[in-house]
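S.K.: build me a model from this:
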Amino acid sequence: MSRSLVPGLILALLVGGGLGAQATILVPQHHPDPASALAAASDGDLILVAPGVYPGGLDFLGKAVELRSLLGPSVTVIDGAGLPAAVRIDSSETVGAILDGFSIVNAVDTVGDSTTGGSGLVCAGSPRIRNCRFTGCRGSGHGGAVVIRPTPSGQHASPRFEDCCFLSNSVASDGTFIVGGAVGVFCDSIFGGVHVTFVRCDFTLNSCEDSNGGSSRGGAVGATTSGALVEIAFEDCLFVANHASDESPDATPVQLAFPGRGGAIGWSSTDPSPTRCASGVVVSCRTAPVTASIATAAAAARSR
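M.R.: Model prediction:
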């Protein structure tokens, strides 16, 4: 069978099967890009995206929609093109909002505003993020690639990331407080809260760097809260050569501990109550030696 026929055959099989979706929307057959498909979709719809490079500016708009690539993140890319918020799932979306099988690259947030930061993904809800790669995204506040916060109405948010890769993302500043080279969790009130789960995710060569005496915490993942409960759970995750300028690279599992600044994971809280400060559960996480070459680390991350 000709390889050029494979995507079309997959489309035919999926559309024919229906997969229980209210409607199946095809990109680029029905809409030219994922952003316009999301704008047209309704709750319960399935959007299937053919291989290609597509512009950022995607917004789930509070809808319970599944956005899925046909052939995975190696050939299906959302290019931030130097702009912030390549994907927004920040309107109190539920578990019915699913992002599956994309590479999100080259998104940049220069504002440093934790309410809009997270150059690749802004999340304020409970979506499911599966089989996605966040690469080369840069921020200047909370989260180089992803920022997570409570819902707009102050309700608890519970996003879940499965089989995702965070490679060479960064957050940088020149004297302000920053957290999370790849992922930053931010709660600035006593309302709501965040419980985020990472399962089989890789964090490689991410960095949180301050060049002028500010505080930087969590080379890979960082959290800060001024009152709301923040919980972060990791299961079978891999950390390789992440770095925060306040700490050394994540060479040992000790630096995965909460609380602390951490080359891999760090958090901070202004709330003195131990029952409401950020907390974390680390389950079967692994770190690779800091001596591992960049090429080896990058290859390992991409192979997941």
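
S.K.: who does the helix or strand where residue 122 lies touch, helix- and strand-wise?
M.R.: For residue 122, the host element (DSSP states H and E) is strand 121-123. Strand 121-123 sits against strand 87-89, strand 146-148, with contacts defined as 3 or more C-beta pairs under 8 Å, 6 or more residues apart in numbering; DSSP states H and E. Using the backbone N, CA and C atoms, a C-beta is placed for each residue, glycine as well.

S.K.: any regions of this protein where pLDDT drops low?
M.R.: Scanning the chain for pLDDT under 70 picks out the ranges 1-21, 111-118, 174-177, 188-191, 211-216, 226-228, 246-263, 267-304.

S.K.: and residue 41, how far from residue 229?
M.R.: Distance from residue 41 to residue 229, counting by C-beta to C-beta, to the nearest Å: 32 Å.

S.K.: ok, now residue 102?
M.R.: On the measure of C-beta to C-beta, residue 102 and residue 229 end up 30 Å apart.

S.K.: out of these two, which sits in the busier spot?
M.R.: Per other C-beta atoms under 10 Å, whichever of residue 102 and residue 229 has more neighbours is residue 102, with 27 against 21.

S.K.: that one contacts residue 134, correct?
M.R.: No: when contacts are counted by C-beta atoms under 8 Å, residue 102 is not listed as touching residue 134 (9.4 Å).

S.K.: before we move on, the earlier item: what does the strand holding residue 122 contact?
M.R.: Residues lying outside strand 121-123 but in contact with it, judged by C-beta atoms under 8 Å, 6 or more residues apart in numbering, are 85-90, 99, 104, 116, 129, 134, 145-149, 157, 159.

S.K.: can you say which of the helices and strands packed on strand 121-123 is nearest to residue 53?
M.R.: strand 87-89 (14.6 Å; C-beta to C-beta).

S.K.: paired strands for the closest one, with orientation please.
M.R.: Using DSSP bridges, the strands paired with strand 87-89 are strand 58-59 (parallel), strand 121-123 (parallel).

S.K.: what's the most buried one of those?
M.R.: Stretch with highest mean neighbour count among those: strand 121-123 (a mean of 27; mean count of other C-beta atoms under 10 Å).

S.K.: and for residue 86, the neighbour number?
M.R.: For residue 86, the number of neighbouring residues by other C-beta under 10 Å comes to 30.

S.K.: which residue, other than its chain neighbours, is closest to it?
M.R.: In this structure, residue 86 finds its nearest non-sequential neighbour in residue 56, 3.4 Å apart by C-beta to C-beta, 6 or more residues apart in numbering.
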